[in-house]
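Peer 1: what's the 3D shape of this:
(chains A and B)
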Amino acid sequence: MTIRKLAAALLMLSSPAVAQIRLPVLIPRAPAPVAAANPIEALRTEFAAQAGATTVYFEAGRADLSGQSKAVLVAQAAWLRRNPAVAVRIEGHGDGGDTRDHALALGARRSGEVRDYLLLLGVPAAQVNAMSWGKERPGAGRAVTTLQP
Amino acid sequence: MFFAAIGLAVTGAGASAQTAAPGTPSATVIALPPMTTPDAGAKGNQTLSLAFQATQLIEADLRSTAELLPLKPDPKDYYSYPEVTAPNFQKWRAAGAKALVTGFLQSRPDGRLTFGCYIYDLEKGRELGRKGFVVSQSEWRRAAHKCSGLAYQAVTGAPGLFDTRIAYVAESGIGDSRVKRIAVMDSDGSSHAYVTQGETLVLTPRISPKGNRIAFVSYAGGKPQIRVADIAGGQQQALVPGDAMSFAPRYSPDGSKIAFSMMLGANSDIYVVDAGGGVPQRLTMSPGIDTAPSFSPDGTRIVFESDRSGSQQLYTMNADGSGQRRLTFGGAWYAAPDWSPDGKWISYTLRSSGGRSIGIIRPDGSGEKQLTSGPTDEGASWAASSRELVFQRNEAGGTVGLYRVSIDGSEARKVIVPQEGSDPDWSGVMD
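Peer 2: From the prediction side, this is the model:
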């Protein structure tokens, strides 16, 4: 219960900061027949809007969560606890300049840190899966929380 | 495989001839007149034509090395079957050659071919070695590669790499529609085949020492996990049971085990497991990222990378995980080590402010030197000769390709493959 209250409080506090983070999906799409026909897309849109962000970023070579990232994850955790039937996959990404195996390990470490933090915030372990893309998807070092159909 | 060796003898390790740096005129000159046949009539013409193709393949093999310089096979130098084992030393000595390769092809009643190959030291006028094979019609190329290997080993003392294979990831398409497939080819680029068909993302293929199995990382289960498969095709299977992410597989030199990385939560450690699968044994316990294990040629030691000190560095340990000690102490990051087949070197990918480049270091930490200047080189794998490495390099224009570099420091050369290529792994000499 305490964690829930804390999470809710942090969510409200952190909203302005969250808005400054680069977001793959920030603007909620207008309700449309497409969204209705595709429930997972509608859920993803809702998750991105209410959690503030689907993605947290990391410094090069590192896997520790910044204060800003933790605020995003607090909001993600709150949404996930409200929607226990929705499973998520944490997709960790290594750094582009890294070597193949180390990028896989670093991406896995980043997604693992995110998963651990979500579990710490009370999200059931069975709801959160972690994986790594290594350096197979270009972009900054990051971990993306993706709702699974 | 219908491939049987019917005799092997190497009577001398190293001809009296000198070996030399690449491209220099003092590379050992080898006479290579067109191989002959005892077959007669129309059959004889057919076999003779195949024998000439085999001779040309051996010429291409030897010409690709730094140490040997073959004379071009000339049809006017045809010799008779008895002359295979009684060659005209004086003629080839006069032509400036230091060594001579002779051989024959003979068709057998069962439809297969007998391939005989002989190497002579012209200065001493004596045989250095011979090899004979019985092969199916479609396998004459492998027998020719074996003959090239015999000549190379007789002159240099090191195993040749002509009958070796390179596994790599063939890449095509752009962006999110990029397709990656495991491909395998002979080291001269022939016999190119795909092991996977692009239905799922695959990475880092590693060939078993006998050249018949392959371990690689597959995303078929939605996350990176090691699978093993027959190169000839057939069912893939997971290396270890369970849901954990696993990657960086590498066979032990005897092929019985695979060392690899596995995630336990957010922690990557090194494990070893029977090549056929089973319960893995954990070798490292550090909270940092331990990955990219590679066995020493005698199988008793493993080199790997770890960031336990705060930056990626190379470490060695006994094959049971004991005796871990740091190998590199440079200011840059060291990754992706590979232990050379002769045991004398460990290659690595150096990450510094200048990008990624390939280097080598002695297992005792001495002799460190850079072989390439980068800035986007990665993932070197040794040739069976321990004199050359294959690695991947990002090219201008955004493509990625395979390159070979010699440890003598000469310029890297591009390996031609049908598409783009990454994650190369060079096999040992196949049985």
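Peer 1: confidence score at B:Leu8?
Peer 2: Note for B:Leu8: predicted pLDDT of 38.
Peer 1: Over to A:Gln68?
Peer 2: pLDDT recorded at A:Gln68 is 96.
Peer 1: Assign a three-state SS to it, would you?
Peer 2: helix (DSSP: H, G, I helix; E, B strand; the rest coil).
Peer 1: Skipping adjacent residues, who's closest to the closest residue to chain A within the stretch 1-150 of chain B in space?
Peer 2: At 27.3 Å from chain A, B:Ser64 is the closest residue in the stretch 1-150 of chain B, using C-beta to the nearest C-beta. Yep, even glycine has a C-beta here, placed from its N, CA and C like the rest. Sequence neighbours aside, B:Asp188 is the residue nearest to B:Ser64 in space, at 7.2 Å (criterion: C-beta to C-beta, 6 or more residues apart in numbering or on different chains).
Peer 1: Tell me how many other residues surround the one you found.
Peer 2: Using other C-beta atoms under 10 Å in any protein chain shown, B:Asp188 has 19 other residues around it.
Peer 1: That one is in what secondary structure piece?
Peer 2: For B:Asp188, there is no enclosing helix or strand under DSSP states H and E.
Peer 1: Quick check: phi and psi on the residue of chain B found nearest chain A?
Peer 2: Here chain B gets closest to chain A at one residue, B:Ala266, 2.9 Å apart by C-beta to the nearest C-beta. Backbone torsions for B:Ala266, taken as degrees, to the nearest 10, come to phi -100, psi 10.
Peer 1: Report pLDDT for the spatially closest residue to it that is not a sequence neighbour.
Peer 2: Once flanking residues are discounted, B:Ala266 sits nearest to A:Gly112: 2.9 Å by C-beta to C-beta, 6+ apart. A:Gly112 carries a pLDDT value of 96.
Peer 1: ok, now B:Ser177?
Peer 2: pLDDT at B:Ser177 comes out at 83.
Peer 1: Tell me how far it lies from B:Val29.
Peer 2: From B:Ser177 over to B:Val29 the distance is 51 Å, taken as C-beta to C-beta, to the nearest Å.
Peer 1: out of these two, which sits in the busier spot?
Peer 2: Ranked by neighbour count (other C-beta under 10 Å), B:Ser177 and B:Val29 place B:Val29 first, with 19 against 7.
Peer 1: What is the end-to-end distance of stretch B:393-410?
Peer 2: End-to-end span of stretch B:393-410 (C-alpha to C-alpha, to the nearest Å): 16 Å.
Peer 1: Please see if that stretch touches chain A.
Peer 2: No. Shown here: stretch B:393-410 not in contact with chain A (C-beta under 8 Å from any C-beta of the partner chain), separated by at least 10.2 Å.
Peer 1: Give me the residues contacting that stretch.
Peer 2: B:21-23, B:66, B:166, B:168, B:171, B:345, B:358, B:360, B:369, B:371-372, B:376-378, B:380, B:383, B:386-392, B:411-415, B:417, B:420-422, B:424 (C-beta atoms under 8 Å, 6 or more residues apart in numbering or on different chains).
Peer 1: Enumerate the residues of chain A near chain B.
Peer 2: Counting by C-beta under 8 Å from any C-beta, chain A sits next to chain B at A:63, A:89, A:97-102, A:104-106, A:108-109, A:112-113, A:115-116, A:129-132, A:134, A:136-137.
Peer 1: again, 10 Å this time
Peer 2: With C-beta under 10 Å from any C-beta of the partner chain as the criterion, chain A comes near chain B at residues A:61, A:63, A:89, A:91-92, A:95, A:97-116, A:129-138, A:148.
Peer 1: So which of the residues you listed sit within strands?
Peer 2: Among the residues of chain A next to chain B, the members found in strands (DSSP state E) are A:Arg89, A:Glu91, A:Gly92, A:Asn129, A:Ala130, A:Met131, A:Ser132.
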